[in-house]
Every structure is written in C-alpha cells, then in structure tokens.
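>>> Coordinates for the following, if possible.
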Amino acid sequence: MSSPKVLFGFHAVGVRLKTAPASIIEIYFEPTRRDARMRQFIEKAKEAGVRLIEADGLRLAKLAGSHGHQGVAARVEPLPQQHSLDDLLDSLSEPPLLLVLDGVTDPHNLGACLRVADGAGAHAVIAPKDHAVGINATVAKVASGAAETVPYFMVTNLARTLGELKERNIWCVGTSDDAPKTIYQVDLKTPTALVLGAEGEGMRQLTRKTCDELVSIPMKGGVESLNVSVASGVCLYEALRQRGG
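Residues are numbered from 1 along each chain as shown. The predicted structure is shown next:
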C-alpha cells in the first residue's frame, strides 16, 4: 500500500474533504485561527467525521514543509489512479484536449498548470518521468484542488507517447517562439495535445521534432516569453473558446 501523503491549505484539503473524505487520516489545524473561513472548514470536517488535531504553526510548517499552510494540513491516503492514459482516452465522448509539459520541474509551475487545465476542461496533463516534478504537497497547494481532479500521467518516453497519441489521430501542437503560425491560427476543435516546454529551455529537441505543428503566442511587449502556466492558460482557453466555451 502507498504511504500517506500530506496536503495543506484550504483549497487542497477542502477538495479532498469534499470528494474523498474517507481517504483523510487526520486533519491538523491551528486553533488560534478563529476566522469564518476556519470555522466553516472545521464544521465541514466534523460533519464528515474526520479526526481533527490541534497543532501550532511550527508543527504545521514542519508537516507541510512550507509556511504557506494557512493553518490547515492533512495526512491522507493517496487516491488510486482511476485510468491509464489509454483507458481515459477510450472513455471520452468528446475530442480529447490534453496538456503535455516537457521539462517543467518547478512545483509552483506544475500546480498552476494543473489549476488552469482544470479550469479549461483539459482531460489530462502528461509529463515525462524524468525532467519533471511529480505531485507533492506544494504542487497540491498551488493547484488549489486541481491535483485531485485532473489526471496527471508521468510517462517513461514522452516522444513515444506523443507518437501513440498521433496514432489515435490526436494532433500534437507544440509551442515555440519562432513558429510561423500563432495559436489563434490553428484548429483546436479536433483532438489536440498542446505541448509546452519549460520557460527558458523550451521543449527538448526530440519533443519538438515529434510535434505535428508548431505555433507561437504573440508577444507585443518587451518580454520575450511567458511563464509556462500562463502560456498553458492562453493555449487551453483558446481551445476552449474554439470549442464553444
């Protein structure tokens, strides 16, 4: 059985409390915080029958590995991966919309990407096992619950996985500053995988070569590129707009 993991912050713990309360081993909370948000949170935890433990800020920070815990942390059992990527794609009744991240190692960036993927209705986020960050407490906190709702698949060989997506007639659209077309000039209504690299280095060369098409995001100001989570939002919401919102 997998070891328990830690979630912290109101959003991350709150989503687990709402969707899978039985998987929560215990919730630690700071008793000196008595504002309305904490009172409502404690009330929901009691209604769900979850064990509550008082803890000071120092203990919470040690448990969470961060001082951004907002006075709340929880030890939880990992939720089982509900689908393989193939199972998920087979189950869809609409054209797939996937976000592929190549080389994103910062947990804050991954958390923000998961959050925007959830908001735009992406069906999954895919990343390589190497050159990528997994789901940890910081990712879950930044994702504000999206780490619990968006399937995140870490694959052994990203180029091979893109090839398998192409065999399913999923168009792999990579982003590159030097691409001749912009994201607004391609059809994203069809089955699509949007492929983004980490800021700075961008996609690895093999990933870039495997994409069906490269597009750019128009940059009108002085900066040369966007943060990967912002770029993900631009691309995913353009797909959502084209698909009827």
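>>> drop to CA atoms for contacts and neighbour counts, all remaining ones
Will do.
>>> which residues are contacting stretch 215-230?
Residues outside stretch 215-230 that contact it (C-alpha atoms under 8 Å, 6 or more residues apart in numbering) are 109-110, 112-113, 116, 173-183, 196-199, 231.
>>> residue contacts, residue 8?
Applying C-alpha under 8 Å, 6+ apart, the residues near residue 8 are 64, 69, 70, 72, 73, 74, 137, 140, 141.
>>> returning to that earlier point: please flag which of the contacts of stretch 215-230 sit within strands.
Those of the contacts of stretch 215-230 mapping onto strands are 173, 174, 175, 181, 182, 196, 197, per DSSP state E.
>>> Kindly check the end-to-end length of stretch 177-185 for me.
End-to-end span of stretch 177-185 (C-alpha to C-alpha, to the nearest Å): 15 Å.
>>> for it, which positions count as buried?
Within stretch 177-185, the residues that count as buried by 16 or more other C-alpha atoms under 10 Å are 177, 181, 182, 183, 184.
>>> Closest to residue 21 out of those residues?
Minimum distance to residue 21 across those is 40.2 Å, recorded for residue 183 (C-alpha to C-alpha).
>>> Check the residue in the chain sticking out farthest from the centre and give its pLDDT.
When distances are taken from the C-alpha mean of the chain, residue 32 lies farthest, 31.9 Å away, according to C-alpha atoms, centre = their mean. For residue 32, the pLDDT comes out at 94.
>>> again with residue 87
89.
>>> Give me the contact list for the host helix or strand of it.
Assessed by DSSP states H and E, residue 87 sits inside helix 85-91. Contact partners of helix 85-91, identified using C-alpha under 8 Å, 6+ apart, comprise 96, 153.
>>> Buried residues, it. List them.
85, 89.
>>> need the next SSE after it, C-terminal direction.
strand 97-102.
>>> List the buried residues for that next one?
97, 98, 99, 100, 101, 102.
>>> pretty sure the fifth one contacts residue 125?
Okay, so that is residue 101. Yes. The pair residue 101 / residue 125 is scored as a contact, 7.4 Å apart, by C-alpha atoms under 8 Å.
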